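Colleague: this one's sequence-less:
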């Protein structure tokens, strides 16, 4: 998976299409990412103790990594990423403009 925590991404499909946000968590095994402010679900929680009130909790749910596109800092567009070897170091590269990420 070429996406990392802290990357800025844009949602490419679904009801959240067009929203931008930073990646909070990456789940490489499930090929999903959690994006800040995207795919927020409400969960109703019942009271556990007497005298406690029930709550509605908003939770960020994962989204498939194929449905998000990395936003290149150089060209500002949703792009695909590639790798390049520089002095025995693997660096991520924008496929559109060729800038190092």
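Modeller: Nice, I can see it. Keep in mind the model is a prediction, meaning the values are calculated, not measured.

Colleague: Spell out which residues sit in contact with residue 17, please.
Modeller: Each residue near residue 17 by CB atoms under 8 Å, 6 or more residues apart in numbering is listed here: residue 11. Quick note: C-beta positions are derived from backbone N, CA and C, even for glycine.

Colleague: mind checking how far it is from residue 52?
Modeller: 39 Å (CB to CB, to the nearest Å).

Colleague: Toward the C-terminus, what is the element adjacent to the strand ranked longest in the chain?
Modeller: Ranked by residue count under DSSP state E, the longest strand found in the chain is strand 20-27. Using DSSP states H and E, the next helix or strand after strand 20-27 towards the C-terminus is strand 32-35.

Colleague: Show me the shaky parts of the chain.
Modeller: Judged against pLDDT under 70, the chain has no low-scoring part.

Colleague: Going along the chain, name the helices of it.
Modeller: Using DSSP state H, no helices are found in the chain.

Colleague: where along it do the strands fall?
Modeller: Assigned by DSSP E, the chain shows strands spanning 8-11, 20-27, 32-35, 40-45, 55-60, 63-64, 68-71, 78-79, 81-86, 89-94.

Colleague: so which of those gets nearest residue 101?
Modeller: strand 89-94 (4.3 Å; CB to CB).

Colleague: Point out the other elements, helices or strands, that that closest one touches.
Modeller: Contacts defined by 3 or more CB pairs under 8 Å, 6 or more residues apart in numbering; DSSP states H and E place strand 89-94 against strand 81-86.

Colleague: Pairing partners for the strand it packs on, with directions?
Modeller: Counting by DSSP bridges, the strands paired with strand 81-86 are strand 89-94 (antiparallel).

Colleague: Just give me how far the strand it pairs with sits from the chain centre.
Modeller: Relative to its chain's centre, strand 89-94 lies at 19 Å (CA atoms, centre = their mean, to the nearest Å).

Colleague: Kindly report the same for stretch 1-14.
Modeller: With CA atoms, centre = their mean, you get 4 Å for stretch 1-14.

Colleague: And it, end to end?
Modeller: With CA to CA, to the nearest Å as the measure, stretch 1-14 spans 21 Å from end to end.
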